[in-house]
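Visitor: got a predicted structure here, sequence first:
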Amino acid sequence: MRLYILVGVLASSLCGSSYTIDKKLDVSNFFDSFDFISNHDIYTNGSTSYIYKHEAQSMGLVKYIENRIFLGVDNSSVTNVMPRGGRKSFRLESHSTIDNGIIIVDLEHLPANACGMWPAL
């Protein structure tokens, strides 16, 4: 992740532009900055059942651990994907729109690029 920051700083200095932090998300405002979309997966027609925030919290899929934001997966349920079922998950959509700029994300862990994995930011 530090490489991306360095690239952003170098690009900024080469172009003569300067950037300022417009918004910082952390445990004080992260979940309030997004909507939990609970529709069927119309985007990829996948076998996912998107759930509301309160259900994701009660299942332990989203929470705060110390001063960190935890976004996890349901790795224990056995599901029926027909007709419109699937593993419970959550989809977050930001309240903000970013037209241009540099987005810096500090991730402690991201799943490997493997079959069935689709981490998206």
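Guide: Happy to help now that I have it.

Visitor: do you know how far Tyr64 is from Ile104?
Guide: 20 Å (Cβ to Cβ, to the nearest Å). For glycine as for every other residue, the C-beta is placed from the backbone atoms N, C-alpha and C.

Visitor: ditto for Lys88
Guide: Distance of Lys88 to Ile104, given as Cβ to Cβ: 30 Å.

Visitor: now swap in Asp22 and tell me
Guide: For Asp22, the distance to Ile104 - Cβ to Cβ - is 11 Å.

Visitor: more crowded one of these two?
Guide: Ile104 (13 against 8; other Cβ atoms under 10 Å).

Visitor: in terms of helices and strands, where is that one?
Guide: Using DSSP states H and E, Ile104 sits in no helix or strand.

Visitor: wait, doesn't Tyr69 sit right on Phe30?
Guide: No Tyr there; residue 69 is Ile. Yes. In terms of Cβ atoms under 8 Å, Ile69 counts as a neighbour of Phe30; the distance is 5.0 Å.
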